[in-house]
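S.K.: output the structure for:
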Amino acid sequence: PCFLWTDAIVRGREMDDVHDGLRGVKTLGHDIKMIVNSGGNTLINQHGGINQLRPILEDETKVETIVCVDTQMTPSAMFADYVLPDVCHQESIDLMADSYAVGDQNYLMLSDKAIDPEWEQKPNWEIMRGLARRFGCETAYTEGLDLEGWVRRLYAEARKNLPGMPAWDEFRRTGIYKYRMEGDSGIVMEDFRRDPDKHPLETPSGRIEIYSERLAEIARTWKLPEGRGQE
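M.R.: Take a look at the predicted model:
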């Protein structure tokens, strides 16, 4: 979780499923010793406990190596042992989708390369490709495609679900595809309201749950912190 990776640094060996909600394993078994922070200011800016976090990141006996991949010297990058320069949108090809609050109006845009990167920066995909090469798994990483090939592949996958999307060449020429979601009446969970047996929700009961058996089981089995509000 966003605010608990710091616990994995200072007490990772102690973290387990019933105290910390680990999934897939009973215990973590080790402390985090290396962080790769790619394309985000997550280490500092997007954390609620900056004053507590800073001495953790500064202590080289805890996290031994920090790598940041970004276009700017962010507060997170200031704590990095290695800062790898990513490219801006104008220097690489990518797809840009709508945000999470656009209602039934959706769009997909092509951020095409306008200029070649200056100096030695590379798209993050190329940086990871270089690491994959050194780890001996470049073919598994690229699957035989370059960066534009992956963009085109993802576009083709999206087009399977939206047949109205134009062919790649036309999309690249126009640079944007806009569409409205079909059958969206604006009524939340309309199918469930009409026929809850035929259209159950993704809850254990298939219904709207005022009381959750799943959360109650967590309360019974996890070792939660004591104190008002901590549970």
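
S.K.: and the longest helix for the chain?
M.R.: Looking across the chain with DSSP state H, the single longest helix is helix 147-161.

S.K.: list the buried residues of the helix or strand just after it.
M.R.: Toward the C-terminal end, the helix or strand that comes next after helix 147-161 (DSSP states H and E) is helix 168-174. Using 16 or more other C-beta atoms under 10 Å as the burial criterion, the residues of helix 168-174 that qualify are residue 171. Glycine gets a C-beta too; all of them are placed from N, C-alpha and C.

S.K.: so which elements touch helix 168-174?
M.R.: Applying 3 or more C-beta pairs under 8 Å, 6 or more residues apart in numbering; DSSP states H and E, we find helix 168-174 packed against helix 147-161.

S.K.: contact partners of the helix it packs on?
M.R.: With contacts defined as C-beta atoms under 8 Å, 6 or more residues apart in numbering, helix 147-161 is touched by 92-95, 108, 123, 125-126, 145, 165, 168, 171.

S.K.: least confident pick among those residues?
M.R.: pLDDT across these is lowest for residue 108, at 90.

S.K.: what number of residues are in the vicinity of it?
M.R.: Counted with other C-beta atoms under 10 Å, residues neighbouring residue 108 total 19.

S.K.: again with residue 100
M.R.: Residue 100: 5 neighbours (other C-beta under 10 Å).

S.K.: how about the secondary structure of it?
M.R.: What DSSP: H, G, I helix; E, B strand; the rest coil gives for residue 100 is coil.

S.K.: and stretch 7-22, how far apart are its ends?
M.R.: Its start and end residues considered, stretch 7-22 measures 12 Å (C-alpha to C-alpha, to the nearest Å).

S.K.: could you do stretch 63-82 as well?
M.R.: End-to-end distance for stretch 63-82, by C-alpha to C-alpha: 13 Å.

S.K.: in that stretch, what's buried?
M.R.: For stretch 63-82, the neighbour count (16+ other C-beta under 10 Å) marks 63, 66-70, 74, 76-77, 79-80 as buried.

S.K.: next one: stretch 87-94
M.R.: Within stretch 87-94, the residues scored as buried using 16+ other C-beta under 10 Å are 87, 91-94.

S.K.: now what about it, what contacts it?
M.R.: The contact list for stretch 87-94 (C-beta under 8 Å, 6+ apart) reads 71, 96, 110-118, 121-123, 147-148, 151.

S.K.: which of the contacts of helix 147-161 fall within strands?
M.R.: Using DSSP state E, the members of these that fall in strands are 94-95, 108.

S.K.: tell me how far residue 133 lies from residue 126.
M.R.: The gap separating residue 133 from residue 126 is 10 Å, by C-beta to C-beta, to the nearest Å.

S.K.: looking at those two, which has the bigger crowd around it?
M.R.: For residue 133 and residue 126, the more surrounded residue by other C-beta under 10 Å is residue 126, and the numbers stand at 16 against 13.
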